[in-house]
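S.K.: Following is a predicted model, sequence given first.
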Amino acid sequence: MSPTAMVTVALVLGAVVLNTAAQFLLKAGAGHLSALAAQGHGPVQILLAGVLNLHILAGLSFYVLSFGIWIGVLARLQVSVAYPLLSLGYVFGAIAAYYLLGEPLGAAKMFGIGLILVGVVVVARS
């Protein structure tokens, strides 16, 4: 693999991993806001808590970083190749949710992950 191709792969993986991490940080922040709502806090208090929540702020920061890296990916690849590679986020997300949140990862999800991976390989080789 050429150095240019290795950089492109690193950029794609970096963008996808940051995007996936952002989802988990936002999930943690949303859980905090949900708990506030369940305790009877009003919408203004919940909104303020959301704006100041470190998980939500970190998640948004990760999205911004992911976006910046993705611009680098788009500068290197055709959109028809780059965009389908974002589906790796579903794979990373499902696996991370299994290990970090204890979410089930049954046969149907595993089959879907397999299909996504096959699709990524087919698109990447085109």
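M.R.: On my side now, so go ahead.

S.K.: Mind jotting down where the helices sit in this structure?
M.R.: 3-38, 43-52, 54-76, 79-85, 88-96, 107-125 (DSSP state H).

S.K.: If you average pLDDT over each of those helices, which is lowest?
M.R.: Among these, helix 43-52 carries the lowest mean pLDDT, at a mean of 86.

S.K.: export that helix as PDB, just CAs?
M.R.: In PDB, the C-alpha atoms belonging to helix 43-52 read as follows (Å, rounded to 0.1, in the frame of the first residue of the first chain):
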ATOM      1  CA  PRO A  43     -37.300  22.600  29.800                       C
ATOM      2  CA  VAL A  44     -35.100  25.700  30.500                       C
ATOM      3  CA  GLN A  45     -33.100  23.900  33.100                       C
ATOM      4  CA  ILE A  46     -32.700  20.800  30.900                       C
ATOM      5  CA  LEU A  47     -31.600  23.000  28.000                       C
ATOM      6  CA  LEU A  48     -29.100  24.800  30.100                       C
ATOM      7  CA  ALA A  49     -27.800  21.500  31.500                       C
ATOM      8  CA  GLY A  50     -27.400  20.200  27.900                       C
ATOM      9  CA  VAL A  51     -25.400  23.300  26.900                       C
ATOM     10  CA  LEU A  52     -23.100  22.800  29.900                       C
END
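
S.K.: What are the contacting residues of that helix?
M.R.: If you take C-beta atoms under 8 Å, 6 or more residues apart in numbering as the criterion, helix 43-52 is touched by 29, 32, 33, 36, 37, 41, 56. For every residue, glycine as well, the C-beta is placed using N, CA and C.

S.K.: Counting neighbours, which bits of stretch 9-19 end up buried?
M.R.: By neighbour count on 16 or more other C-beta atoms under 10 Å, the buried set for stretch 9-19 is 11, 12, 14, 15, 16, 17, 18, 19.
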